[in-house]
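Undergrad: below: sequence and its predicted model.
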Amino acid sequence: MSAEASSHAASGAGAHPAPYRSSKLPDVKLLMWVFLASDTMFFGSLIGTYLAYRERSLVGPFPRDLFDIPLTTVSTFVLLMSSFLMVLSLHALRQNDIGKFRLWTAGVAFFGAIFLGFQVFEFTHFAHAGLSIHQNLFGTTFFILTGTHGVHVTVGVIWLVSLLITSYVRPMKAKDAVYLEIAGLYWHFVDIVWIVIFTVVYLVEFV
Amino acid sequence: MATAQPTVTTRGKIFNRPTWTTGIGSWLTTVDHKRLGLLYICSAFLFMLLAAGEAGLIRLQLLTPTMKIVNPDHFNQLFTMHGVTMVFLAIMPLGIGLANYFVPLQIGARDLAFPRLNAFGYWIYALGGLMIYTSWFLGGAPDVGWFAYAPLTSLSHNPGLGVDFYMFGLFISGIGTTGTAMNLIVTIINMRAPGMTMMRVPVFTWMILIMSFMVIYAFPPLTIAFIEVILDRTFGTLFFVQEAGALPILWQHLFWIFGHPEVYIIILPAFGVISEIIPTFSRKSLFGYPVMILSGILIGFMGAAVWTHHMFTTGLGPVVNTAFSLTSFVIGIPTGIKIFNWLGTMWGGSIRFTTPIIYAIAFLITFTLGGITGIMLAMPTFDAQVHDTYFVVAHFHYVMGGGALLSYLGALYYWFPKMTGRMMSERLGKIAAVITVIGFHGIFFPQHIAGLLGMPRRIQTYPAGIGLELWNALSTMGSWLMGIGLILILINVIHGLTRGKRVGNDPWDARTLEWETSSPPPYYDFEVQPVVNSLDPLWARKHPDAMHVTPPAPDAGAKYDAGGVHIPGQSWYPFLASAAIMFGCYALMYDNFILAIVCGLFFIFTIFGWAFEGVGGHHVHFDGAKEHA
């Protein structure tokens, strides 16, 4: 081995083979799985707080006065369908079909935005009915839990729109699919969390 | 061998990637795991000195009955800051710093998987820690204990800013710890050298892997707890407002669901360090390597199922207390297995009594004593008697100080030659070790007795004539002795840095890969990708007969370097993102929401800058090939 080293910028390094890895999972994907594991505990603690304080509010309004199950069912359905579009978008990118990829990704972001719209509507409606984070424990725990979920959806929408814009700025190929895939993992996770929240927070009130 | 790091400029979209290799800019923008490891280790030692100073003042106040050195308010602030600093800013970052430096070297990698995330983890930890310390000058430090039980932290009970500093500072440094733990998991799973199966990974790296998994499941509940208090204090939510029906015990659950795994987060890297030191200086492979790993994993799982033993006296009922008492007994089993494996490793070995193994032996004795009092405290009936007394203080200092601190001091001596290329004085090292260990037991052994006599924790004084004078005086004198020991260690570090004997790659005749590269390692860590076909690969290369393996040829890994060694580019964004978060927290603390929004927008800008600048950097080739585009 010669101790003499030469070096060059990594940018023009198209000819370089990928460095050795001891597992088949790409680094970014593994990082996303580990992050989601951690985020599960994050939401778990918030949902735990909600459940610990359930039916402990001293003054109204109470959940059963406010929840509108048909309305929230519609927004839940929209969010679930966005996950379906996410799968189509990833499939399109893997097939190098950039047109379809852009269409479906825009669809995911749009459906996410609709869900957020429903949430804004719901929050305003509840606020008019007298619920706030200062009103009672239900207000505090409900707004912080669903609000945190809403922030997650917002981050997801911004992420997908950024990927969409990037695809116009620089070419996006099937080999970049892993970056869409991790966004997708995140998106599906946020969806699953909503299903838990919808069940534990909304539906349980009417059992 | 080590060539100077070349400067290869990459044009950035907003500003060029920094390329300094020396000076303050190189440290602010570094993504090199060795530099970040050194930053972690140095910052952690600095915080440790501050915490030791706080402890010194506490002990001085308790030297004799009814002393008046610090008033009760300051005493509350001192023990709070001592605990917070030692746990969050000193001992845990010390383990993470050692992991940063040595995990890639032990597994034959050139860096962590996400170098910029690593830099972000360090800066947010350091800035968060600094932020907490600015509280001394901005209206008083937090005074609610390191556990900050609700409703002590509510705005009505505690209107000052101290609690805000605690919540915001620990919240943001916790983000850094979680990020670094994720990074370490990906690194250890994905970047092991060819041939290094999971059961050939050095024990230190294994313990870091388990610790990292514990961090990612234990920190989110704490983060939520911090957020809930921050929202209560800043935006008027009702999470811990009893008048609205809230349950203050929720804080205790969230805190200890984090807090007990935290004990193992602190101690597992220490177990790893001991598992490196003892085989090296016993010249014998670790006894029961697979059992060591499995008991570590068992600790990782069980650590999540014992938190309520911190809450035996809160009235959760006999069923809960019994269940958690049982799990607390069970977690003693894997820990006991480890102790016996270390003894088994030393048994029949040819032990060289160097400074690191003196610390390791002191660790074994001290930690076992702490474990025995731990088993005592796991009995709810006994716990109810000594709860909130100095017996508990003595117990957890034997575990955290005697367990973690002593083994990290051993690690300092063990890895100092690798980090600096120079040796510390062995003679001074042994003297300092003996003084430190005697001082340590001098402080904490008498506290067992003071506790059994009924001396309560967290009270700034005690009356004369109830039998506490002797034990407190002994304890304070022990703190002076340990102080002398720590000063001698500092002198030894300075002596080692300036006049220490220069050493080669492997001064201890050690066993793992980090000793195969030069001391200190070059910026690319390994010239040739290491290839491994057994446990203790360096020992196998030196003694193939004893290990019954044929070590791979020294250049067997060259084919993996066909693309050159990728050196990631330096970046401003991790530092800028951390600074944006810190200033945003200051703004929220002072209710300046406009500044907070500006900081938030700047943070979003840094995230986009971070994402779009890419990894960057350059490739290094050692085959003499010319630069190519």
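TA: Nice, thanks for sending it over. Numbers count the residues shown, from 1 in each chain, chains lettered A, B, ... in the order given.

Undergrad: give me every residue that touches residue 67.
TA: Picking chain A for this. A:Tyr202, A:Glu205, A:Phe206 (C-beta atoms under 8 Å, 6 or more residues apart in numbering or on different chains). From N, CA and C alone the C-beta is placed, and that goes for glycine too.

Undergrad: wait, I meant chain B there
TA: When contacts are taken as C-beta under 8 Å, 6+ apart, B:Met67 is in contact with B:Leu60, B:Gln61, B:Thr461.

Undergrad: buried residues in the helix or strand encompassing A:Phe123?
TA: Element membership of A:Phe123, judged by DSSP states H and E, is helix A:98-128. Counting neighbours by 16 or more other C-beta atoms under 10 Å in any protein chain shown, one finds that the buried residues in helix A:98-128 are A:98, A:101-102, A:104-105, A:107-116, A:118-119, A:122-123, A:126.

Undergrad: and the strands in chain B?
TA: B:565-567, B:618-621 (DSSP state E).

Undergrad: list the strands paired with the shortest one, with their directions.
TA: What it means is strand B:565-567. Under the criterion DSSP bridges, strand B:565-567 sits next to strand B:618-621 (antiparallel) in its sheet.

Undergrad: so where's the longest helix in chain A?
TA: Of all the elements of type helix in chain A, the one with the most residues (DSSP state H) is helix A:137-169.

Undergrad: which residues touch residue 20?
TA: Reading this off chain A. In this structure, A:Tyr20 makes contact with B:Pro194, B:Gln529, B:Tyr560, judged by C-beta under 8 Å, 6+ apart.

Undergrad: nope, chain B
TA: B:Ser26, B:Thr29, B:Gln570.

Undergrad: can you check the pLDDT for it?
TA: pLDDT, the model's per-residue confidence, is 84 for B:Trp20.

Undergrad: how about the one 10 residues further on?
TA: B:Thr30 carries a pLDDT value of 93.

Undergrad: same question for the one 4 residues further on.
TA: For B:Lys34, the pLDDT comes out at 96.

Undergrad: surely it is in contact with B:Thr517?
TA: No. Judged on C-beta atoms under 8 Å, B:Lys34 makes no contact with B:Thr517 at a distance of 10.7 Å.

Undergrad: got any residues that touch both of those two?
TA: Overlap of the contact sets of B:Lys34 and B:Thr517 (by C-beta under 8 Å, 6+ apart) consists of B:Asp525.

Undergrad: what is the burial count for B:Asp561?
TA: A count of nearby residues for B:Asp561, using other C-beta atoms under 10 Å in any protein chain shown, gives 24.

Undergrad: now it: closest residue in space that isn't a chain neighbour?
TA: What sits nearest to B:Asp561 in space, not counting adjacent residues and going by C-beta to C-beta, 6 or more residues apart in numbering or on different chains, is B:Gln529, at 5.3 Å.

Undergrad: gap between B:Gly176 and chain A?
TA: 13 Å (C-beta to the nearest C-beta, to the nearest Å).

Undergrad: my guess is that residue contacts B:Gly129. True?
TA: No. Taking C-beta under 8 Å as the definition, B:Gly176 is not a contact partner of B:Gly129, at 9.8 Å.

Undergrad: tell me the contacts of B:Val241?
TA: For B:Val241, the residues meeting the contact criterion (C-beta under 8 Å, 6+ apart) are B:Pro151, B:Ser154, B:Asp232.

Undergrad: of the strands of chain B, which is nearest B:Phe353?
TA: strand B:565-567 (39.3 Å; C-beta to C-beta).

Undergrad: now B:Gly145. Nearest residue, chain neighbours left out?
TA: Sequence neighbours aside, B:Thr80 is the residue nearest to B:Gly145 in space, at 5.5 Å (criterion: C-beta to C-beta, 6+ apart).

Undergrad: can you pull the contacts of the one you found?
TA: B:Ala141, B:Pro142, B:Asp143, B:Val144, B:Gly145, B:Trp146, B:Ala148, B:Tyr166.

Undergrad: one step back: okay, the contacts of A:Tyr20 in a markdown table with neighbour count and pLDDT next?
TA: Compiled in a markdown table, the contacts of A:Tyr20 are given as follows (neighbours: other C-beta atoms under 10 Å in any protein chain shown; pLDDT from 0 to 100):
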| residue | neighbour count | pLDDT |
| --- | --- | --- |
| B:Pro194 | 18 | 94 |
| B:Gln529 | 22 | 91 |
| B:Tyr560 | 18 | 88 |
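
Undergrad: list just the nearest of those to chain A.
TA: Of all the contacts of A:Tyr20, the one sitting nearest chain A is B:Tyr560; the distance, using C-beta to the nearest C-beta, is 4.5 Å.

Undergrad: helices - which of the contacts of B:Trp20 land there?
TA: Among the contacts of B:Trp20, the members that lie in helices (by DSSP H) are B:Ser26.

Undergrad: before we move on, back to that, what distance do you get for the residue nearest to B:Asp561 to A:Leu25?
TA: Relative to A:Leu25, B:Gln529 is positioned 20 Å away (C-beta to C-beta, to the nearest Å).

Undergrad: follow-up on the earlier one: tell me which of the contacts of A:Tyr20 is nearest to B:Tyr359?
TA: The shortest gap between B:Tyr359 and any of those belongs to B:Gln529, at 33.2 Å (C-beta to C-beta).

Undergrad: how about the contacts made by the closest one?
TA: Neighbouring residues of B:Gln529 by C-beta under 8 Å, 6+ apart: A:Tyr20, B:Gly108, B:Ala193, B:Pro194, B:Gly557, B:Ala558, B:Tyr560, B:Asp561.

Undergrad: pick the one among those residues closest to B:Leu406.
TA: Closest approach between the contacts of B:Gln529 and B:Leu406, by C-beta to C-beta: B:Gly108, at 29.2 Å.

Undergrad: re earlier: between the contacts of B:Trp20, which is closest to chain A?
TA: Chain A lies nearest to B:Gln570 out of the contacts of B:Trp20, by C-beta to the nearest C-beta, at 12.5 Å.

Undergrad: you'd agree the closest one is up against B:Pro18?
TA: Yes. In terms of C-beta under 8 Å, B:Gln570 counts as a neighbour of B:Pro18; the distance is 4.7 Å.

Undergrad: state the distance from the residue nearest to B:Pro334 when sequence neighbours are not counted to chain A.
TA: For B:Pro334, ignoring the flanking residues on the chain, the nearest one in space by C-beta to C-beta, 6+ apart is B:Ser295 at 3.5 Å. Distance from B:Ser295 to chain A, counting by C-beta to the nearest C-beta: 23 Å.

Undergrad: equivalent analysis for B:Pro544, please.
TA: With distances defined as C-beta to the nearest C-beta, the gap from B:Pro544 to chain A amounts to 21 Å.
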